[in-house]
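Undergrad: The following block contains a protein sequence and its predicted model.
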Amino acid sequence: MDQVIAAAERSSSRAKQSSQANWPRDYKERIALGCAYARAGRYQDAEAIAAATDPVGKAVISACLGDSERAIPALEQAILVGPFRIGRELETPELAALRPDPRVKSIRNKVGLPE
C-alpha cells in the first residue's frame, strides 16, 4: 500500500505543478489518493482531500473511508453537478458498497437512472 500511496502522491504533485489544462486528470488523481489514504488507515489525510473537493469527490472518499452516512448526502448534493456524472460514479468499485442502500436507489430515480 505504501508504494501505491507514494506513486499517487508523486502523480498528484506533478499534476499540481502542471497547467489547469490537466485539471480533470488531477481531480481523479486526488480522489484516488484520498481513497488510497483511507485504505491505508491515513484517515486524516483522506479527510483533508475530501474537504478540498466537490460533492462527488467527497462521496467517493467517504465511501472509501466506509462512511456511508457522509457519502450518501454528498451524492445527493452532487445531483446538482449533473446526472451523467452521478451515474458514472455510482458504477465505480469505490461506491459498490453503497449501491444496495435505498437512499442510493432514490438518488438513481431522481436523476432518471434505473435501479
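TA: That came through, no problem.
Undergrad: quick one: average pLDDT of the helix or strand Arg10 falls within?
TA: Using DSSP states H and E, Arg10 maps to helix 2-17. Rounded to a whole number, the mean pLDDT of helix 2-17 is 65.
Undergrad: 686 is where my numbering starts, stick with that
TA: Got it, the first residue is 686 from now on, which makes the last one we talked about helix 687-702.
Undergrad: Tell me which residues touch the residue nearest the centre of the chain, please.
TA: The centroid of the chain falls nearest to Val745 when counting by Cα atoms, centre = their mean (2.5 Å). Shown in contact with Val745 (Cβ atoms under 8 Å, 6 or more residues apart in numbering): Ile716, Gly719, Cys720, Ala756, Glu774, Thr777, Glu779, Leu780. To be clear about C-beta, it is placed using only N, CA and C from the backbone, and glycine gets the same treatment.
Undergrad: what's the helix or strand for it?
TA: Using DSSP H and E, Val745 sits in helix 740-749.
Undergrad: same question for that helix, mean pLDDT?
TA: Rounded mean pLDDT across helix 740-749 is 95.
Undergrad: Right, I'll leave it there.
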